[in-house]
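Undergrad: okay, predicted coordinates and the sequence, questions at the end:
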Amino acid sequence: MSVHAKVARIPDPVAGVEDFLGAYLETLSMVERLHRLLLDVVKDEFERLGIIDINSVQALLLFNIGDNEVTAGELKTRGYYQGSNVSYNLKKLVEYGYMHHQKCDVDRRAVRVTDKGMQIRNIVASLFQRHASGILGREVLGGMRLEDINASLRRMERYWTDQIRYIY
């Protein structure tokens, strides 16, 4: 076997990076589209139920906060709701009675979900339960496990987080 034949079988590292880059950019686009689509699905559910005084970001805030007491700063620190005005949405949720300011000695800005807010949280939980059943029933993932997908996404999250930390 000639040297040239051996070299021809070695994968071109640049081509491998280019292939990976294409898939990576598609993944980034897909994550962004899925997030927007999730907001549309939640919005559609509330419109179907005739609930018009709350938007999808606010509904997801209520779902994710649940029984916890939080501040806008904590939500921002956790990295959730980027691109939305968390303080504004929490203020509106308090204004409409979905949350209230908790009397907390440490931080009077802390808010807690009210019973009215828990009803919204339960609607979102029910929606997600229906989705989970539908995804399983229709075999949408074709044998792939969400645990494996989530593990890969967590590794991506750690990689991105490390990139941010090492910049400064």
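TA: That came in fine, so what should we check first?

Undergrad: can you map out the strands along the chain?
TA: Assigned by DSSP state E, the strands in the chain fall at 99-101, 111-113.

Undergrad: in CSV, list the ones you listed along with mean pLDDT.
TA: Below are those laid out as CSV (pLDDT from 0 to 100):
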stretch, mean pLDDT
strand 99-101, 87
strand 111-113, 89
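
Undergrad: highest average neighbour count across these?
TA: When the strands of the chain are scored by mean count of other CB atoms under 10 Å, the highest mean neighbour count falls to strand 111-113 (a mean of 22). C-beta here means a position set from N, CA and C on the backbone, and glycine is covered the same way.

Undergrad: to residue 26, which of the strands of the chain lies closest?
TA: Of all those, it is strand 111-113 that lies closest to residue 26, at 36.9 Å by CB to CB.

Undergrad: need the contact partners of the closest one.
TA: 62, 65-71, 90, 93-94, 98-102, 121 (CB atoms under 8 Å, 6 or more residues apart in numbering).

Undergrad: ok, now which ones touch residue 118?
TA: With CB under 8 Å, 6+ apart, residue 118 has these contacts: residue 62.

Undergrad: coming back round to it: and the strands of the chain as CSV, adding distance to residue 85?
TA: CSV is the format used below for the strands of the chain (distance: least, CB to CB, whole Å):
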stretch, distance to residue 85
strand 99-101, 15
strand 111-113, 15
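
Undergrad: good, wrapping up.
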